[in-house]
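Student: With the input below, show me the fold.
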Amino acid sequence: MKKILLSLLALVASVGIASATSSFFDFGDPHSLNSTITNPTSSVTIPVGTVLTSGIATVTNTKAGSNPAVFYANGANFRFYTGGKITVATTNGEKIKTITFASNATLAITADSGTLTDSIWTGDATSVVFTATKTNKIAHMTVVSYAAAGTQPPVFSAVGGNYINPFKLAISSATTGASIYYTTDGTAPSATSTLYADSITISKNTTVKAVAILNSVASDVVTEVYTFPTEVANIAAFLATDDNTQCKFANPVTVAFQYPNTTKSQLYVQDNTGAALIYGETGQTYKNGDEIPAGIVGTKTTYNKLPEFGSPVASTFKAGVAGTTVAPKAVAISAIDSTMLNQYVIIKSAKVDSVDAKNAKISIGTDSVAAYAAYGVAIPKSGNYDVTGFVSTYKGTLQIQATDYTAISTGICRVNDNADVKVFAANGNIYIAGAAGKAQIFDVAGRLVTTVANGEVSMPAGYYIVRVANSAKAVIVR
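Tutor: Residues are numbered from 1 along each chain as shown. Reported below is the predicted structural model:
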C-alpha cells in the first residue's frame, strides 16, 4: 500500500493540476470487466483477442503461449503463461503512469516500455505490452492514468496482431475537434496525409500509423501492425513456403484419412498437386473422400524433416462435403522417395517382419522400407501382406505410417509329391524341405525365377512351378 501511495503522489506531482484516473481490475469477477466469460467454478480459457475493460483502461489477451491464459476460481484468478502477452491500454488516449499488480507469487513478466520494479510498473504510455517469462497468478490490478496536455493521440479500435478475416478499423481521439491523419504505407503521418473520415477496411498485411492534430498541435504518432495469412493456391504452393508461414488455402482439399485421439489429430489431405499432413485439432470429423472447402488456415512447419500443416485454425475448417473415395496408389518399395511424403500408398504382396511392438520391416526381394505403428494398427507377426499407409520420414529415414495390413494367402497344388521333397505354405510364405538346394522355381513363361535351399522363400503374386531333379513337384498360386 505504501508503494501505491508513493506512486500516486509522484503522479500528481508530475502532472500538476491534471487529475489522475484509477481503473481497478478484479480478475475474480470477469463480469465486472465487461467480459462475456462466466465467472468460473474451476477454470475458463480466455481466448486470444479478449478485451477486459475497467473504467477507461483495457487488458487484452494479445498472444497465447504454449498454454492459453485462464481465469481461475480459487486463489490468484488470472493466469498467463510463458510466452503469453497482455496489452494494457487506455480507451481515451490518457497516459498510463502506474500499473500495480497484486499476485500471490513472484511476478514473472517483462514490459515493452517503462520500468518494472517488483509488482509496480511506472512510465508514460497509452499502452504497455507485458510478456510472461514464467507462469503468473494475478488476483487484481490497478491502472493509474492521467489526461496528457496537448492533443491526445489516436485510439485504434483493434490492436495489432494476426487476423484471419477482414475487419473495419475505427480511429478516434479524446481531443474534441482534432483531425486524424493516417498512412498505410509505413511512412510517418502528417497534416498532408489521408484525413480519417470513416472506418478503414483491413484485409491484408497493413501497417497503420495515425496522428491527431488540433490548431497545428500534433499528438504522438500511434502505430499498429496487422498481419494476415499468406494465400496459397494448392498443396504444392503450401509446401514451397518457408517454415513458420501462416497460410490460407484458396482451393479445397480432399481427405484421405483422419486419426483423432485425445491430444492431437492427424489428418491427411490431397489435391491434384500433392499431399499434406494436417497436425492439430480442427474441430471437425472427416471421412475418406470428404472435400474440405477452401479457406483453411494453418502454419507450414517441419517436424523431423516431415513437412506439416501445423497449428490449424479450427474456425476455418468447415464440415466436409462427401465426394469420391480416395484409393491408395500402388507403389513398388524401390519407387518410394522423399517426393512422395504424406502420399496414400499400398505396397502389395510384401513380406512383413515384426521388429518390436511399434516397428516392422517391409520387404519385397532385396528392397525394404521401415513401417511404424502410429494409428492404432498393430504390427502383425511375420508374414506376407498388402500394406496400406502413408509415406513418411523420421529424421530423414523414409518409413510407412501403416493404416492396414491385409494378409496374403498362398496356394499349393501338388503335382508329383514324394518323400524326398516337401512343398508347403505357411504364414503366406512358401517352404521347401528335402530338396538339398536343388529346387528350382519357374514362372509360367518357363523362366527360372530362383533356386531355393531348404527353408522359406517369399515370392511376388503370380503362378509358379517347383521343379526338383527335372521333375515338377508343385504348382504354386501366389
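
Student: Could you use CA atoms for every contact and neighbour count after this?
Tutor: OK.

Student: The residue nearest the centre of the chain and Pro40, how far apart?
Tutor: Relative to the mean C-alpha position of the chain, the nearest C-alpha, by Cα atoms, centre = their mean, is the one of Ser311, at 1.4 Å. For Ser311, the distance to Pro40 equals 27 Å [Cα to Cα, to the nearest Å].

Student: list the contacts for the residue nearest to the centre of the chain?
Tutor: Tyr279, Gly280, Glu281, Gly298, Thr299 (Cα atoms under 8 Å, 6 or more residues apart in numbering).

Student: Around the closest residue to it other than its chain neighbours, how many other residues sit close by?
Tutor: By the measure of Cα to Cα, 6 or more residues apart in numbering, the closest residue to Ser311 outside its immediate chain neighbours is Gly298, 5.4 Å from it. The number of residues packed near Gly298 is 26, by other Cα atoms under 10 Å.

Student: For the residue nearest to the centre of the chain, give me phi and psi.
Tutor: phi 50, psi 50 (degrees, to the nearest 10).

Student: ditto for Thr207
Tutor: phi -110, psi 120.

Student: tell me what the helix or strand encompassing Ser392 is packed against?
Tutor: Assigned by DSSP states H and E, Ser392 falls within strand 383-394. The contact analysis (3 or more Cα pairs under 8 Å, 6 or more residues apart in numbering; DSSP states H and E) places strand 383-394 against strand 306-310, strand 344-354, strand 397-407.

Student: Looking at those, which is nearest to Lys329?
Tutor: Distance to Lys329, taken as Cα to Cα, is lowest for strand 344-354 among the helices and strands packed on strand 383-394, at 4.4 Å.

Student: does Thr339 sit in a helix, a strand or a coil?
Tutor: Going by DSSP: H, G, I helix; E, B strand; the rest coil, the secondary structure assigned to Thr339 is helix.

Student: Could you list the low-pLDDT ranges of the stretch 301-450 of the chain?
Tutor: In the predicted model, the stretch 301-450 of the chain carries pLDDT under 70 at residues 409-438, 444.

Student: hmm, back to that, quick check: the residue nearest to Ser311 vs Asp29, distance?
Tutor: Using Cα to Cα, Gly298 is found at 34 Å from Asp29.

Student: Please apply the same query to Ser190.
Tutor: Using Cα to Cα, Ser190 is found at 43 Å from Asp29.

Student: How many residues are close by the closest residue to Asp242 other than its chain neighbours?
Tutor: Nearest residue to Asp242, sequence neighbours excluded (Cα to Cα, 6+ apart): Lys300, at 7.0 Å. Using other Cα under 10 Å, the number of residues around Lys300 comes to 22.

Student: Just list the residues touching Lys300, thanks.
Tutor: By Cα under 8 Å, 6+ apart, the contact list for Lys300 reads 238-239, 241-247, 307-310.

Student: Kindly report the same for Asp271.
Tutor: By Cα under 8 Å, 6+ apart, the contact set of Asp271 is Asn234, Ile235, Pro252, Val253, Thr254.

Student: hmm, which of the residues you listed are the buried ones?
Tutor: Asn234, Ile235, Pro252, Val253, Thr254 (16 or more other Cα atoms under 10 Å).

Student: Just give me how far stretch 392-406 sits from the chain centre.
Tutor: 21 Å (Cα atoms, centre = their mean, to the nearest Å).

Student: State the number of residues packed around Gln399.
Tutor: 24.

Student: tell me the domain boundaries of the chain?
Tutor: The record's domain parsing of the chain by automatic domain parsing lists 2-146, 155-227, 230-316, 329-407, 411-477.

Student: between those domains, which gets nearest to Ala322?
Tutor: The minimum distance between Ala322 and the domains of the chain falls on domain 230-316, with 4.5 Å, by Cα to Cα.

Student: Is Phe228 in contact with Lys204, as I believe?
Tutor: Yes. With contacts counted by Cα atoms under 8 Å, Phe228 reaches Lys204, the gap being 5.5 Å.

Student: more crowded one of these two?
Tutor: Phe228 (19 against 16).

Student: got the contact list for the more buried one?
Tutor: Asn162, Tyr163, Ile164, Asn165, Ser203, Lys204, Asn205, Gln246.

Student: Same question for Val449.
Tutor: Contacts of Val449 (Cα under 8 Å, 6+ apart): Gln440, Ile441, Phe442, Asp443.

Student: Identify the residue nearest the third one in space, chain neighbours excluded?
Tutor: When you say that, I think you mean Phe442. In space, and not counting its chain neighbours, Phe442 is closest to Leu448: 4.4 Å by Cα to Cα, 6+ apart.

Student: which residues sit in contact with that neighbour?
Tutor: Gln440, Ile441, Phe442.

Student: wait, what's in contact with the residue lying closest to Thr91 once chain neighbours are set aside?
Tutor: Nearest in space to Thr91, with sequence neighbours left out and distances taken as Cα to Cα, 6+ apart, is Ile56 at 5.3 Å. By Cα under 8 Å, 6+ apart, the residues touching Ile56 are Ser23, Thr90, Thr91, Asn92.

Student: which of the contacts of Ser311 has the most neighbours?
Tutor: Comparing those by number of neighbours (other Cα under 10 Å), Gly298 comes first, having 26 neighbours.

Student: Does it touch Gly310 like I think?
Tutor: Yes. If you go by Cα under 8 Å, Gly298 and Gly310 touch, sitting 5.7 Å apart.

Student: Out of the contacts of Leu448, the closest to Met141 would be?
Tutor: Using Cα to Cα, Ile441 comes nearest to Met141 of those, at 84.2 Å.

Student: can you count the residues close to that closest one?
Tutor: Neighbours of Ile441 using other Cα under 10 Å come to 23.

Student: Chain neighbours aside, what residue packs nearest to it?
Tutor: Val466 (4.7 Å).

Student: So that neighbour versus Gly365, what's the distance?
Tutor: In terms of Cα to Cα, Val466 sits 18 Å off from Gly365.

Student: Same list, the contacts of Ser311, but as TSV with pLDDT please.
Tutor: TSV is the format used below for the contacts of Ser311 (pLDDT from 0 to 100):
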residue	pLDDT
Tyr279	93
Gly280	90
Glu281	89
Gly298	93
Thr299	93
